[in-house]
Each structure stands twice: as C-alpha cells, then as structure tokens.
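K.L.:
kindly return the folded structure for what I paste below:
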Amino acid sequence: MNEVHLEIANLSHHYGDLTSNGQTLNSINLSLDNGELLGLLGPSGCGKTTLLRLIAGFEKPSKGSISFQNQIISSPSYLLPPEKRGIGMVFQDFALFPHLNVWDNVCFGLKPSQDKTRASWLLDLLGLENFIKRFPHELSGGQRQRLGLARALAPGTSLVLLDEPFSSLDVEVRLRLRNELSRVLNTCSASGILVTHDPQEALGICDRVAIMREGTIHQCSAPIDILTRPETPFVGNFVLQHNLIKIAVDNGSYYTSFGSIFVKSNLIDEDPHTLMVDDNSIEIRSNSNGKGIIKGKEFNNTCWIYRIEYDHNILRVSVPLDSEINIGDKCDLKFISGKYGFLFPGCISCILK
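P.N.:
Reported below is the predicted structural model:
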C-alpha cells in the first residue's frame with residue numbers, strides 16, 4: 001500500500017465575511033499518495049486554485065487541516081510559511097525572473113552552500129541543458145514552462161503544485177509537455193497536484209481526478225472509474241459531456257420525452273429523477289413542427305455534434321457528416337433502442353427503449 005504524502009481533512013475556507021461571500025471550499029477531504037499525480041478538475045470558480053493556494057500556504061483555512069509528510073502545515077490556528085513547506089509551485093504564467101538566465105532561475109531557491117548537481121540534472125532531463133545562459137524572453141513558451149518545472153523541483157521538492165500550467169501553450173506543445181509530466185515527476189520521485197478545467201487533460205495523464213463544483217468534491221476516482229461510473233449527474237455532464245434528461249414515473253415504470261427506460265427493479269432503492277445518456281443514444285428526425293430546434297453544430301472528426309434546444313434544455317446529439325439537417329431547423333428526438341444510460345441517484349445502468 002502506498003504511503004500517504006498529503007492529507008486534507010474537513011477543509012473549509014472563505015474570503016472575507018462568510019455571511020456575505022459564502023464558502024469557497026466546504027469540507028474537502030483528499031489524500032495524495034507518494035508518487036501520485038492527482039488532478040483537480042472543475043469549471044471556473046469552483047475552488048480549484050483556492051485549494052492549491054491553501055496547500056501552498058498562501059491562504060489559511062477556516063476549518064480543517066492539511067498535513068504534509070505526517071506533519072500539520074495548515075489549520076485555523078497554525079500556518080507554516082510557504083517557504084518552509086518544501087512544496088514547489090508551477091504557475092500558468094511561468095512566474096520566472098526576467099533578469100535571471102535559465103541557470104540562475106533554476107538555482108534561485110537553493111541555498112548558496114547547496115549542491116547544484118540536481119539543478120544541472122533537471123535541466124538535462126527537461127532538455128534545457130543548451131539554454132542555461134538564455135533569459136526567459138529568449139525561450140519559447142514550452143521551454144519557459146519546462147524551466148518553471150525545473151525550478152520547482154530543484155530544491156529536492158517531493159510535491160509540486162501545478163496551476164493550469166499548459167493552458168497558455170499551443171496544442172502541439174501542450175500535448176507534448178503534459179505527456180512528459182508524469183515521467184519527470186516519477187524520475188524525480190515527486191508527487192503532483194494538477195489544476196485544470198480540461199477533462200481530457202486530467203483524465204489523460206492523472207492517476208486520480210477530483211472533480212469539483214461550488215467548493216465541494218463530487219467524485220475522486222481513477223479516470224476509468226469516472227468514465228464508466230460517474231457518481232453524480234454533474235460529473236457525467238461536465239466531464240463526459242453527456243446529456244441529462246428528466247424522468248417521469250408511472251406505476252413503477254420510467255419515461256422521458258424521447259422514450260421509455262428499462263431497468264431491473266431490484267437495482268432501484270429510490271425513484272430516479274435524472275437519466276444520463278451520451279450523444280450516440282438519441283436520433284434526430286427532421287420535422288417542421290417538432291419541439292426541438294437545431295442551435296448549432298461542431299465537427300467531431302467522424303461526425304457532427306448537434307446542439308439541440310428542447311424544452312429549454314440543450315442536448316448534444318451525434319449526427320453523420322452527410323446529414324442535411326441545418327441550424328435553425330426544427331426536429332423530433334427519439335431514443336435509439338437498445339442503447340445504455342445511467343439513472344440517478346445511484347448511477348444505475350439502464351436500457352433505452
């Protein structure tokens with residue numbers, strides 16, 4: 001069993017007056033194992049960066065505690081200064097010193113008497129060994145982000161916090177760097193926490209992902225578990241871009257505007273209120289009197305994804321590339337019989353009819 005590296009227990013936080021501003025974080029419980037890369041995923045304003053700032057020591061919690069390497073570093077009554085935590089941080093805007101060259105940036109957090117061998121090794125590991133005399137403005141965006149990671153790891157840091165480090169980079173560089181992140185952390189025997197609002201990024205490279213909304217964690221699981229068993233409708237909608245549909249109940253049977261649902265009765269503990277289906281589970285039928293209106297479409301490699309307004313909700317439906325339905329057209333929607341969905345609460349598998 002892996003050793004717990006970081007432990008967050010019942011953590012809450014608010015800015016200013018609680019009555020006026022409300023809580024930014026509410027009873028957060030998380031742990032990070034040695035060598036693990038944990039993703040913090042959620043929409044803007046959900047509390048991801050605030051949680052990172054609390055771990056770094058830039059904010060004090062109103063309740064709960066944070067322990068690092070079995071020692072409390074944050075609580076309502078105690079705050080270990082950031083510079084004494086031994087935690088590195090990589091920022092979205094790189095936060096490099098413009099007047100220092102690559103070598104001096106990497107060595108900035110080291111004591112004068114400290115061995116510089118690790119700094120040299122990191123520059124070689126990250127492909128910056130030939131740029132040590134260059135200044136940040138003479139580097140590409142990807143090179144600057146590598147430099148930020150090298151600087152965070154140089155003091156022997158065993159935990160690195162990454163606040164949307166790839167969001168300002170172009171697609172090719174972003175994909176290359178995020179695929180290298182786990183390798184670099186493993187080589188340095190370091191753990192990491194990655195803040196992102198990109199589900200593909202979080203699920204693609206993290207060992208586990210904590211999905212946040214309005215200061216709470218909806219699910220913290222391995223990517224495969226999130227994909228196959230989302231614990232709340234929000235997780236399925238935000239992460240997987242699945243459709244959420246209201247359910248009507250009649251004598252133990254379940255119906256929607258697009259068709260009925262078959263589910264084994266022994267799986268139901270309480271009547272579900274929401275059905276979640278993917279964009280391949282609904283078909284469109286053109287109808288000038290239909291209740292659905294095509295609001296937009298986007299190219300998705302092998303198909304179009306249509307955005308359809310139906311009863312004031314927006315649904316995503318996959319349509320073949322040769323479809324002749326246009327934006328603004330009215331339509332009917334119907335389940336594709338035999339497709340699977342999930343019922344909530346409970347994330348119960350069901351069959352569409």
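K.L.:
the worst-scoring helix or strand of the chain on mean pLDDT: what's the following helix or strand?
P.N.:
None of the helices or strands of the chain scores lower by mean pLDDT, DSSP states H and E than helix 18-21, at a mean of 66. On the C-terminal side of helix 18-21, the closest following helix or strand by DSSP states H and E is strand 25-33.
K.L.:
can you tell me what sits against that next one?
P.N.:
2-13, 38, 47, 50-51, 54, 61, 63-64, 159, 191, 193, 210, 215-217, 220 (CB atoms under 8 Å, 6 or more residues apart in numbering). Yep, even glycine has a C-beta here, placed from its N, CA and C like the rest.
K.L.:
filter the residues you listed down to the buried ones.
P.N.:
Buried members of the contacts of strand 25-33, scored by 16 or more other CB atoms under 10 Å, are 5-9, 11-13, 38, 47, 50-51, 54, 61, 63-64, 159, 191, 193, 210, 215, 217, 220.
K.L.:
show me these that map onto helices.
P.N.:
Counted as lying in helices by DSSP state H, out of the buried ones among the contacts of strand 25-33, are 50-51, 54.
K.L.:
a markdown table please, covering these and showing pLDDT and distance to Pro165.
P.N.:
Converted to a markdown table, these look like this (pLDDT from 0 to 100; distance: CB to CB, whole Å):
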| residue | pLDDT | distance to Pro165 |
| --- | --- | --- |
| Thr50 | 94 | 17 |
| Leu51 | 96 | 16 |
| Leu54 | 96 | 19 |
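K.L.:
look up how far Ile87 lies from Ile55.
P.N.:
The gap separating Ile55 from Ile87 is 7 Å, by CB to CB, to the nearest Å.
K.L.:
give me the common contacts of those two.
P.N.:
Joint contacts of Ile55 and Ile87 (CB under 8 Å, 6+ apart) are Leu161.
K.L.:
give me the longest helix you can find in the protein.
P.N.:
Ranked by residue count under DSSP H, the longest helix found in the chain is helix 171-187.
K.L.:
could you dump the helix or strand hosting Tyr306 to PDB, C-alpha only?
P.N.:
Using DSSP H and E, Tyr306 sits in strand 304-310. Output of strand 304-310 as PDB, limited to C-alpha atoms (Å, rounded to 0.1, in the frame of the first residue of the first chain):
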ATOM      1  CA  TRP A 304     -21.200  16.300 -36.400                       C
ATOM      2  CA  ILE A 305     -22.300  17.100 -32.800                       C
ATOM      3  CA  TYR A 306     -25.500  19.000 -33.000                       C
ATOM      4  CA  ARG A 307     -26.700  21.200 -30.100                       C
ATOM      5  CA  ILE A 308     -30.400  21.000 -29.900                       C
ATOM      6  CA  GLU A 309     -32.700  23.100 -27.700                       C
ATOM      7  CA  TYR A 310     -35.600  21.000 -26.300                       C
END
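K.L.:
after that strand, next one along is what?
P.N.:
Using DSSP H and E, the first helix or strand after strand 304-310 is strand 313-319.
K.L.:
and the angle from that next one to strand 304-310?
P.N.:
Taking axes from the mean of the first three to the mean of the last three CA atoms, to 10 degrees, one finds strand 313-319 and strand 304-310 inclined to each other by 150 degrees.
K.L.:
just checking, what packs against whatever helix or strand comes next after strand 313-319?
P.N.:
Next helix or strand after strand 313-319 toward the C-terminus (DSSP H and E): strand 330-335. When contacts are defined as 3 or more CB pairs under 8 Å, 6 or more residues apart in numbering; DSSP states H and E, strand 330-335 packs onto strand 282-286, strand 292-299, strand 304-310.
K.L.:
which positions in the last one come out as buried?
P.N.:
Okay, so that is strand 304-310. 304, 306, 308, 310.
K.L.:
now the last one, nearest residue through space, not along the chain?
P.N.:
By that I understand Tyr310. Among residues not flanking Tyr310 along the chain, Gly292 sits closest, at 4.5 Å (CB to CB, 6 or more residues apart in numbering).
K.L.:
I figured the one you found hits His312, correct?
P.N.:
No: counting by CB atoms under 8 Å, Gly292 sits too far from His312 to count as a contact (11.5 Å).
K.L.:
higher neighbour count, those two?
P.N.:
Gly292 (24 against 5; other CB atoms under 10 Å).
K.L.:
per-residue pLDDT of Glu3, please?
P.N.:
On the pLDDT scale, Glu3 is placed at 72.
K.L.:
gap between the residue lying closest to it once chain neighbours are set aside and Leu40?
P.N.:
Residue nearest to Glu3 in three dimensions, not counting chain neighbours: Asn34, with 4.8 Å by CB to CB, 6+ apart. Between Asn34 and Leu40 the distance is 18 Å, computed by CB to CB.
K.L.:
of the two, who's got more company?
P.N.:
Taking neighbours as other CB under 10 Å, Asn34 and Leu40 compare with Leu40 leading, 28 against 15.
K.L.:
so who does the nearest residue to Arg134 once chain neighbours are set aside touch?
P.N.:
Counting by CB to CB, 6+ apart, the nearest residue to Arg134 once its immediate chain neighbours are dropped is Val102, at 5.5 Å. Neighbour list for Val102: 123, 128, 131-136, 139, 147 [criterion: CB under 8 Å, 6+ apart].
K.L.:
for Val102, phi and psi?
P.N.:
Dihedral angles phi and psi of Val102 (degrees, to the nearest 10) take the values phi -60, psi -50.
K.L.:
gap between it and Ser120?
P.N.:
Val102 is 11 Å from Ser120, by CB to CB.
K.L.:
I appreciate the help and will end here.
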